[in-house]
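Colleague: A structural model of the following input is requested.
(one chain, ligands or ions: 1)
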Amino acid sequence: MTLVSRKLLGFRRIGGNIRFQCILGRSFSTFNKTFNSQAVQVVGNQRSFPTSNSHRVPKTIKKYPKRSKRDSTDKTSRENILLLEINELLNEYTGLNLTFDSIRNIDGLIETFLHSWNRPNVELNDVDIIFQTSEGDGLAIVPKSAYTTEIMDKSLIDDKYTVVKVPKSIVGDKVKVKILRHYELYAEANLIKVLNSRSSDGNRKDELVICDKFSTCSGCQFQMINYEEQLKFKKSVIQRAYKLFFPKLFSTYNEDFGNIIESPMQYAYRTKLTPHYEISSNKNKDKNGNINIGFNHVNPTKLTIDVDYCPIASPAINRALPHVRANVQSKVKETQEDLNIKKRLSKGATLLLRDSIRINHLTGEHERVCLTKYNNIITEKIGDFVFQFPASEFFQNNNSILPHVLDYIRFQINKKQNSYKYIVDTYCGSGFFGISLSKDIPEDGKVFGIEVSKLSIEHAIHNAKLNGLSVPEKIQFIEGNANAIFTNKDFVNSGIIGDDSIVIIDPSRKGSNRKFMQQLLEFKPKLIIYVSCNVFTQARDLADFDDIQAEHNIRYKIQDIIGFDFFPQTKHVESIAILELEE
Ligand SMILES: C[S@@+](CC[C@H](N)C(=O)[O-])C[C@H]1O[C@@H](n2cnc3c(N)ncnc32)[C@H](O)[C@@H]1O
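Modeller: Below you'll find the predicted structure:
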């Protein structure tokens, strides 16, 4: 029997049970369980689906790297969080009492789908998305028999399921997908079509999408849902992070936990864009030889999506983008014949476009421009303060929300007036928080910042002076590792004591660490403000801090955990935790 003739027609839902049928009308598998995904269909494509048994899963198991094992050392790694989310999906969403064993992909199956060039063409129809990951992907559970009868022994598929991760899908979508690479506990899939996109019931509103690259570009996840729903998703991510990594705190909180403050601008807000290109691969060129310049494809491929306009980027960046792109295209074409240069360019590059204020010093007028060199100096004004920093260095990328973030922090500081004399700004970058809040402490108070990047710290000092603050009397910045701040000679000599202090923590995505939290506790500041662009590492660090407190008999009360939507249309959420020392 050829594969085409053995192609499956789909399965029907019969009184809550699932019955599979093959083309001959013979039912070959029945589940006695209710199941969320109806009518899964497998389509064999003669061209790419081999007619031999080459895709049969070998019974001998061959070893090769599996992502889920490789990254499992860091409990807040993306991979580990996905596994925790799959666990939640199995426990709470299916009603099937599934375990990891019921969804485990055996090595032979993983191997069968490993390489894109000989992967079986398996498409599933009417797959229900029932869970949203914190990365913004939809998850579905499909029975293994739905797509592997040609690939696996029947004995290996009975009562077995696959968790399928589908980008650009949301809970409530019924989708058609193509199955791609398998990992131990899930498989990746391409979204081919949303079958119920016209239904008015769900949250999907495709008419809201304003970018013509949305379905393929990995930059945004949520243009197809309204802003209110985006905020709900982000609140649920904060709640999930604490539930997973600091359950003791989560269990004591009410429904406001992780409320999100919206961004005043939901498009055109991004003041930094980093498109990239790769010139060695023909896949990333059009028929005229123009290379793709843009962002990664949403599916796991090496494709770069060509982006000539990005609706979340600021107007100045979008004005500059065509020139920047044209420049790259002509440079690549010019150098194509020159082997040396071609070799140097062969890996491609990442471009940098940064929105900056340009002031006309004669008239005092200013305009927003886009600067594209890594050593350009960017100027930004937030509230009453001006900041300058090298384009290559960190600065917050949505300036419309920053005044609201500062207002919120000021509100927290001013709840207890005149309680704090010092601000310790750890991971201070070019001084944004320390400088902005310098007027919120008494005249005889002081701000002290620490940052590992030499360039950023030089600009923090420059920014303090630019804003009329006396350095180092009123504000002092040092280059160094935040881990060692409280024993740093300059810090000790500054006379700052925990009793009168606020400590701001604003690390990068990987968060802080136990060593820092230990020293923070020994310093015993009155107020701690933890700003985070990765709520999972924030929750982990605060859980560590909680453990350490128990060892030292010191108590901090977590006053608030709140989200700020720095990046509308995307999965990202920024969260701020406020901790107050209990007297
Ligand atoms: C998320 S940024 C925040 C910067 C700044 N607070 C702001 O809002 O502009 C994190 C900063 O931490 C710095 N950093 C990373 N690891 C550090 C460490 N161990 N000690 C001090 N600074 C560090 C990075 O260079 C980066 O500037």
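
Colleague: now do the contacts for residue 355.
Modeller: By CB atoms under 8 Å, 6 or more residues apart in numbering, residue 355 lies in contact with 271-272, 314, 316-317, 368-370, 378. (Each C-beta comes from the backbone N, C-alpha and C, glycine too.)

Colleague: with residue 553 instead?
Modeller: No contacts exist for residue 553 under CB under 8 Å, 6+ apart.

Colleague: what's the closest non-adjacent residue to residue 245?
Modeller: residue 539 (3.8 Å; CB to CB, 6 or more residues apart in numbering).

Colleague: could you pull up phi and psi at the one you found?
Modeller: Dihedral angles of residue 539 (phi, psi; degrees, to the nearest 10) stand at phi -60, psi -40.

Colleague: quick check, residue 562 in a strand?
Modeller: Yes. Judged by DSSP: H, G, I helix; E, B strand; the rest coil, residue 562 forms part of a strand.

Colleague: convert the C-alpha atoms of stretch 215-228 to PDB, please.
Modeller: What follows is stretch 215-228, C-alpha atoms only, in PDB (Å, rounded to 0.1, in the frame of the first residue of the first chain):
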ATOM      1  CA  SER A 215       3.000  36.200  10.500                       C
ATOM      2  CA  THR A 216       6.600  35.400   9.700                       C
ATOM      3  CA  CYS A 217       8.700  37.900  11.800                       C
ATOM      4  CA  SER A 218       9.700  36.700  15.300                       C
ATOM      5  CA  GLY A 219       9.700  40.300  16.600                       C
ATOM      6  CA  CYS A 220       6.100  40.700  17.800                       C
ATOM      7  CA  GLN A 221       3.800  38.000  19.100                       C
ATOM      8  CA  PHE A 222       0.500  39.700  19.900                       C
ATOM      9  CA  GLN A 223      -0.600  42.200  17.200                       C
ATOM     10  CA  MET A 224      -3.700  40.000  16.700                       C
ATOM     11  CA  ILE A 225      -5.100  40.600  20.100                       C
ATOM     12  CA  ASN A 226      -6.400  43.800  21.600                       C
ATOM     13  CA  TYR A 227      -4.200  45.700  24.100                       C
ATOM     14  CA  GLU A 228      -6.300  44.800  27.100                       C
END
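
Colleague: just the buried positions in it, please.
Modeller: 215-225 (16 or more other CB atoms under 10 Å).

Colleague: quick revisit: contacts only, for the residue nearest to residue 245.
Modeller: By CB under 8 Å, 6+ apart, residue 539 lies in contact with 241-242, 244-246, 249.

Colleague: and it, how far is that from the ligand?
Modeller: Distance, residue 539 to the ligand, using CB to the nearest ligand atom, to the nearest Å: 17 Å.

Colleague: so how far is residue 525 from that residue?
Modeller: Separation of residue 539 from residue 525 (CB to CB, to the nearest Å): 20 Å.

Colleague: how about residue 353?
Modeller: Taking CB to CB, one finds residue 353 at 38 Å from residue 525.

Colleague: got it, and residue 496?
Modeller: 9 Å.

Colleague: which one's more surrounded, those two?
Modeller: A direct count of neighbours by other CB atoms under 10 Å for residue 496 and residue 525 places residue 525 higher, at 26 against 23.

Colleague: secondary structure element for the closest residue to the ligand within the chain?
Modeller: Scanning the chain for the residue nearest the ligand gives residue 429, at 2.8 Å (criterion: CB to the nearest ligand atom). Assessed by DSSP states H and E, residue 429 sits outside every helix and strand.

Colleague: mind pulling up the pLDDT for it?
Modeller: The score at residue 429 is 98. That number is its pLDDT.

Colleague: what sits against it?
Modeller: Counted by CB under 8 Å, 6+ apart, residue 429 has contacts 389, 393-395, 451, 453, 456, 460, 506.

Colleague: and these near the ligand, which?
Modeller: By CB under 6 Å from any ligand atom, the members of the contacts of residue 429 lying near the ligand are 394-395, 451, 453, 456, 506.

Colleague: farthest-apart pair in these, please.
Modeller: 453 and 506 (13.2 Å; CB to CB).

Colleague: more neighbours, those two?
Modeller: Higher neighbour count among residue 453 and residue 506: residue 506, with 23 against 19, using other CB under 10 Å.

Colleague: how many residues are close by residue 284?
Modeller: By the measure other CB under 10 Å, the count of residues near residue 284 is 21.

Colleague: not counting sequence-adjacent ones, nearest residue to residue 301?
Modeller: residue 116 (7.3 Å).

Colleague: confirm for me that that neighbour is in contact with residue 303.
Modeller: No. Using CB atoms under 8 Å as the test, residue 116 is too far from residue 303 to be in contact (11.0 Å).

Colleague: between these two, which has more neighbouring residues?
Modeller: Taking other CB under 10 Å, residue 116 and residue 303 do not tie; residue 303 has more neighbours (17 against 12).

Colleague: now do the contacts for that one.
Modeller: Per CB under 8 Å, 6+ apart, neighbours of residue 303: 283-284, 292, 296-297.

Colleague: give me the lowest-pLDDT entry from those residues.
Modeller: Out of the contacts of residue 303, that is residue 283, at 80.

Colleague: next one: that one from residue 217, what distance?
Modeller: In this view, residue 283 and residue 217 are 16 Å apart by CB to CB.

Colleague: pLDDT below threshold where in this structure?
Modeller: 1-73, 148-150, 152, 336-346 (pLDDT under 70).

Colleague: how about a cut-off of 50?
Modeller: 1-72 (pLDDT under 50).

Colleague: which bits of it sit near the ligand?
Modeller: Selection of the chain residues close to the ligand by CB under 6 Å from any ligand atom yields 394-396, 427-429, 432-433, 450-453, 456, 481-483, 506-508, 533.

Colleague: which residues of the stretch 201-350 of the chain fall in helices?
Modeller: Applying DSSP state H, counting those that start in this stretch to the stretch 201-350 of the chain gives helices spanning 227-245, 247-250, 315-334, 339-345.

Colleague: deepest of these, which one?
Modeller: helix 227-245 (a mean of 21; mean count of other CB atoms under 10 Å).

Colleague: ok, now which ones touch the residue nearest to residue 500 when sequence neighbours are not counted?
Modeller: Closest residue to residue 500 apart from its sequence neighbours, by CB to CB, 6+ apart: residue 421 at 3.9 Å. Applying CB under 8 Å, 6+ apart, we find residue 421 in contact with 441-442, 444-446, 500-501.

Colleague: same question, residue 324
Modeller: 351, 353, 372.

Colleague: please apply the same query to residue 567.
Modeller: 263, 270, 312, 397-398, 573-574.
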